[in-house]
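# give the three-dimensional model of this entry:
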Amino acid sequence: MLNDWKMQLYWHLPIRIQEAALSLYAKHLEKIYYNHIYEEWKQWLSGWKNWTPEYIKEWKEQRLQHIIETAAKHVPYYHNQWKDRNWKSIHTEADLHLIPTLEKQSLRRNEHAFITNGAKPKSLWLEKTSGTTGTSLKIYWPMLMVPQWYAVTEVMVRNIAGVEQETPRAMIGGRPIIPGDTKKPPYWRFNRRWKQLYFSSYHISQKTVAEYVEALKKYESQWMTGYGSAIATLAESALDDGINPYPIEAVIVSGDTLLRGMRQSIEQFFKCKCFDSYGQCEGVSMAMECLYGQMHIIPVVGITEILREDGTPCESGETGEIVATSLLNDAMPLIRYRTGDYAAWAEDQCCPCGNPNPIITNLIGRTDDYLITADGRKVGRLSTAMKRSPTIHSAQIVQDKPDHAFLLVRPGENYRLSHAEAIRDDILERIGKFDIEIIEVPEIPKTPQGKTVLVVRLDERPVMKEMYKKLIKRIDI
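Numbers count the residues shown, from 1 in each chain. Next up is the predicted model:
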């Protein structure tokens, strides 16, 4: 994201100049994203359906051994931490238990200790996590990894959904594409070079949705990507306004939890399949949903483990934390990195789509999605409760006190209060004695980064307190 003064300057430019700048910047990025490395990897990846398990295993082991050796010899953090570890015995993913998992806090304390000796941050590609629960993490990628990542995204994500980079698309993400106080359209900017219509996620409402849909038609967007909650809000608002569906080829969502009601709204308005995908700025693991609704791990990105709290591997069907090791990043190796996301290995690993890659299921959110009880317990994995009713478009828990929270519910089609009460009761079964008030709202608030999170603990999000105070009149802050 641009520095504040640069953003202010950008917003004061005429729209046609802003869009010209976007296209010019896209031309610059093409040299980084879509260069000869991208083309080589795209060609290699195009044969993934014919890869044998032996081929994938050998490739992953070669990459893993390179990453482990690089980390042990040339990365200060691992060099110090592994002095008494038998890292030379790590040849396969089955050997990874010989080294400890990596906490986000360790990375946050000293990011530069994870950078390979001799690699200067300014020569690397910088990714930043959203920082929804605190300071964002700076993740440095080697420049070689960037086109590799985009080749994986093209072949293993977009192509699975039947679309490609060159197909005109719309996107709804968290970037402040227009000033927050904008009162009239356009609520978007168009990157002509990439035929990319970038919508503001902060201005979608019943009053503006018709203009959003007209923009989709004007720029002939054929698929859409971005936050599932924001795209669902657009679809739901359009349906409520009686706007005729706008058929496109596919919707690919990521970045927040896709509830069943959100998926139904998206598919009803856009008349296509909504594909869920999984990934993170850390670049350690990636997965994509197939036509049959199965979430397949993409093995070339990293080694994915699913572990219990004691660090032992989960059995099939057992939910645990995703711990992953990047196979692409040798500039800032993240090894056995605790992502804070939860999932389970599917009990049935056979899929009619023919994809032989492992299937995960029950992807239920992040470790920060928890309530804190009066006695200090952390109760998480709450998205399973939030997903139980298809009539609820979206929902959020806002905790203002140790023993009290609000359950915000945005009703969907055929919604009844009893449906929200069922969610509340499901949560109370996990927590015990706890006061949860149900409040129906027209919109679920987003974080400053544009995401919709399942749980908001107000003592940890002071910048959001005023917004919730206006929404929930009786809230005590």
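# contacts only, for residue 445.
396, 408, 452, 456, 464, 467, 468, 471 (CB atoms under 8 Å, 6 or more residues apart in numbering). No exception for glycine: its C-beta is placed from N, CA and C like everyone else's.
# at 6 Å what do you get?
Residue 445 makes contact with residue 467, according to CB atoms under 6 Å, 6 or more residues apart in numbering.
# any figure for the gap between it and residue 171?
21 Å (CB to CB, to the nearest Å).
# residue 241 now?
22 Å.
# just residue 466 next, same as before
29 Å.
# for residue 118, same thing?
Counting by CB to CB - residue 118 and residue 171 are separated by 36 Å.
# could you do residue 460 as well?
From residue 460 to residue 171 the distance is 29 Å (CB to CB).
# more neighbours: which of these two?
residue 171 (23 against 13; other CB atoms under 10 Å).
# mind listing what that one touches?
198, 225, 226.
# let's go with 7 Å and repeat that
196, 198, 199, 225, 226 (CB atoms under 7 Å, 6 or more residues apart in numbering).
# then the strand or helix carrying it to CSV, C-alphas only?
Using DSSP states H and E, the element containing residue 171 is strand 169-172. C-alpha atoms of strand 169-172 as CSV (Å, rounded to 0.1, in the frame of the first residue of the first chain):
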residue,chain,number,x,y,z
ARG,A,169,-12.4,-9.7,-14.0
ALA,A,170,-13.7,-7.7,-11.0
MET,A,171,-12.0,-7.7,-7.6
ILE,A,172,-13.2,-6.8,-4.2
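# tell me the strands beside it, with direction?
strand 196-199 (parallel), strand 223-226 (parallel) (DSSP bridges).
# out of the ones you listed, deepest packed?
strand 223-226 (a mean of 24; mean count of other CB atoms under 10 Å).
# and the next element down the chain from it?
helix 228-240.
# list the buried ones in that next one?
228, 229, 230, 231, 232, 233, 234, 235, 236, 237, 238, 239 (16 or more other CB atoms under 10 Å).
# pretty sure the fifth one contacts residue 266?
In other words, residue 232. Yes - counting by CB atoms under 7 Å, residue 232 touches residue 266, with 5.4 Å between them.
# can I assume residue 192 is in contact with residue 25?
No - contact criterion CB under 7 Å: residue 192 and residue 25 do not qualify, at 11.8 Å.
# surely residue 247 and residue 271 touch.
Yes - counting by CB under 7 Å, residue 247 touches residue 271, with 4.0 Å between them.
# in the stretch 251-400 of the chain, where is pLDDT below threshold?
Counting by pLDDT under 70, the stretch 251-400 of the chain contains low-confidence residues at 365-370, 375-388.
# if we go to 90?
Low-confidence segments of the stretch 251-400 of the chain (pLDDT under 90): 254-262, 280-281, 309, 319, 340-342, 362-396, 400.
# helices along that one, start to end?
For the stretch 251-400 of the chain, the helices defined by DSSP state H, counting those that start in this stretch cover 260-270, 383-386.
# equivalent analysis for the stretch 101-250 of the chain, please.
104-109, 145-153, 209-218, 228-240.
# which residues touch the shortest one?
Helix 104-109 has contacts (CB under 7 Å, 6+ apart) with 114, 135, 137, 338, 340.
# what comes up buried for that helix?
104, 106, 107.
# got those residues as CSV, with pLDDT and distance to residue 391 columns?
Listed next are those as CSV, based on pLDDT from 0 to 100; distance: CB to CB, whole Å:
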residue, pLDDT, distance to residue 391
104, 86, 36
106, 90, 43
107, 90, 40
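# distance to residue 356 added to those, as TSV?
Shown next, in TSV, are these (distance: CB to CB, whole Å):
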residue	distance to residue 356
104	32
106	35
107	33
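# what about residue 23, distance to residue 182?
21 Å.
# before we move on, back to that, how about the strands paired with strand 169-172 in TSV, adding distance to residue 360 and mean pLDDT?
Shown next, in TSV, are those (distance: least, CB to CB, whole Å; pLDDT from 0 to 100):
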stretch	distance to residue 360	mean pLDDT
strand 196-199	29	96
strand 223-226	21	96
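# looking at those strands, spot the one closest to residue 123.
strand 196-199 (27.8 Å; CB to CB).
# distance from the chain centre to the closest one, please.
18 Å (CA atoms, centre = their mean, to the nearest Å).
# which residues are contacting it?
169-172, 177, 187-191, 212, 215, 219, 221.
# helix/strand/coil for residue 414?
coil (DSSP: H, G, I helix; E, B strand; the rest coil).
# so it makes contact with residue 391?
Yes - with contact defined as CB under 7 Å, residue 414 reaches residue 391; the gap is 4.9 Å.
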